[in-house]
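# Quick one, fold the following:
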Amino acid sequence: MTPILNPRAGRLLPVLALVVLLAPPAARAEGGVFAFQQENATLAGGGPVDRNYVNGLSIRWVSPAGAVPGGLDRLARRLFGPGRTRWGLGLSQQMYTPYDTQLAPPDPGDRPYAGYLAATISLSQATRAHQDTLSLAVGVVGPAAGAASVMSGFHHLIGQGIDRGWGYQLRNEPTVELTAQRIWRLGLSRWADLLPELGGAAGNVRDDLSAGVVFRVGSGLGADFGPTRLPPGPDGGAAFQARRFAWYGFIGIDGQAVARDIFLDGNDWPGGPHVTRDRFVGEVEAGVVLFWRGWRLGYTEVVRSRTYHGQRGAPFNFGIVSAAVRF
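Just a heads-up that it's a prediction; the model follows:
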């Protein structure tokens, strides 16, 4: 269990804060968003366990609608057409470990240790009927991502044994990943809707195509485009419309056709740890989202199918808590 941000990542927090503070006062009044998100198996009630997808943490800032630099605004309109345009910045860290973290060296048939740190710039366009998002993430996989030191430090703090195989993690490698997604909003009634989704990613982190649908019931359906997720998986985005009080519950399914996953296939150059990746991965998610006085709070539980040959503990579930505030 590792719910603490990498110290290297922490040094970039002032950059995001500066962006928020320098936004024009009029733009801030229109509703920019600052969002935080934690993904961890412990949140799903599994106890303090490190295996498979151990931890994900992200912070995001999204601009007010229409407060987009001219070049990005023109790009959005050429790509997506008319709508409410936003841009955003984000910082995220993800950690992966094998099933048995007390082996050193690790089991060569199990997934490798891996840490990932990335900064993201995103561009989104929303209408009443759909939302398009294009994101570019630049980062690093390997010791430079700081996962080993963060996890070991937190385990020492809570008196939990250390994971012994971080010395065998994926090697340092710079990463670039471009992701695109469209989510449609199909109203069923005043209190229910469907959110079909199509997406894809390309780069040296993950190459995939995805499709899914989320069914929602509640009073806040027009406030956003569904729950937030770190990739892979459908992401409704950080932006939302303020409500004095509203809510919705949801359940969804999605599938991913995976041609490349650095966390399973290993580094781009041969000889490092790797396993045989499954070509198709499925997920089921369910949860609840609350809106209150400019805040959005959410919880999602995800059950993910086997992702590689010989995986123990599959299917695997983890929880997601998120908080976002308009300013």
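# correct me, but A67 touches W61?
No. A67 lies out of contact with W61 (Cβ atoms under 8 Å); the separation is 11.7 Å. C-betas here are computed from N, CA, C, even on glycine.
# Report the set of residues contacting both of the two.
Counting by Cβ atoms under 8 Å, 6 or more residues apart in numbering, the contacts common to A67 and W61 are G32.
# Spell out the residue ranges of the strands in the chain.
33-40, 52-62, 84-97, 114-126, 130-141, 173-184, 186-189, 192-203, 206-218, 245-261, 280-292, 295-304, 316-326 (DSSP state E).
# May I have the distance across stretch 38-57, first residue to last?
Length of stretch 38-57, first residue to last, Cα to Cα, to the nearest Å: 5 Å.
# ignore the last one, stretch 267-276
Span of stretch 267-276 from end to end, Cα to Cα: 13 Å.
# buried sites along it?
Going by neighbour count (16 or more other Cβ atoms under 10 Å), the buried part of stretch 267-276 is 267, 272-275.
# Out of those, the closest to I251 would be?
The nearest member of these to I251, counting by Cβ to Cβ, is V275 at 30.4 Å.
# Report pLDDT for the closest residue to G310 other than its chain neighbours.
What sits nearest to G310 in space, not counting adjacent residues and going by Cβ to Cβ, 6 or more residues apart in numbering, is G109, at 5.2 Å. Looking at G109, its pLDDT is 93.
# Thought A41 was touching F318, still the case?
Yes. The pair F318 and A41 qualifies as a contact (Cβ under 8 Å) at a distance of 4.5 Å.
# Which residues are in contact with each of those two?
Counting by Cβ under 8 Å, 6+ apart, the contacts common to F318 and A41 are Y53.
# Look at L72 and say how many residues are nearby.
15 (other Cβ atoms under 10 Å).
# Just send the strands of the chain back as CSV, with mean neighbour count too.
Output for those, formatted as CSV (neighbours: other Cβ atoms under 10 Å):
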stretch, mean neighbour count
strand 33-40, 21
strand 52-62, 23
strand 84-97, 23
strand 114-126, 22
strand 130-141, 20
strand 173-184, 17
strand 186-189, 11
strand 192-203, 18
strand 206-218, 19
strand 245-261, 18
strand 280-292, 18
strand 295-304, 20
strand 316-326, 19
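# Quick one: those as JSON lines, columns for distance to V150 and mean pLDDT too.
Output for the strands of the chain, formatted as JSON lines (distance: least, Cβ to Cβ, whole Å; pLDDT from 0 to 100):
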{"stretch": "strand 33-40", "distance to V150": "13", "mean pLDDT": "96"}
{"stretch": "strand 52-62", "distance to V150": "9", "mean pLDDT": "94"}
{"stretch": "strand 84-97", "distance to V150": "8", "mean pLDDT": "96"}
{"stretch": "strand 114-126", "distance to V150": "8", "mean pLDDT": "97"}
{"stretch": "strand 130-141", "distance to V150": "14", "mean pLDDT": "98"}
{"stretch": "strand 173-184", "distance to V150": "18", "mean pLDDT": "98"}
{"stretch": "strand 186-189", "distance to V150": "41", "mean pLDDT": "98"}
{"stretch": "strand 192-203", "distance to V150": "24", "mean pLDDT": "98"}
{"stretch": "strand 206-218", "distance to V150": "22", "mean pLDDT": "98"}
{"stretch": "strand 245-261", "distance to V150": "22", "mean pLDDT": "98"}
{"stretch": "strand 280-292", "distance to V150": "26", "mean pLDDT": "98"}
{"stretch": "strand 295-304", "distance to V150": "22", "mean pLDDT": "97"}
{"stretch": "strand 316-326", "distance to V150": "17", "mean pLDDT": "95"}
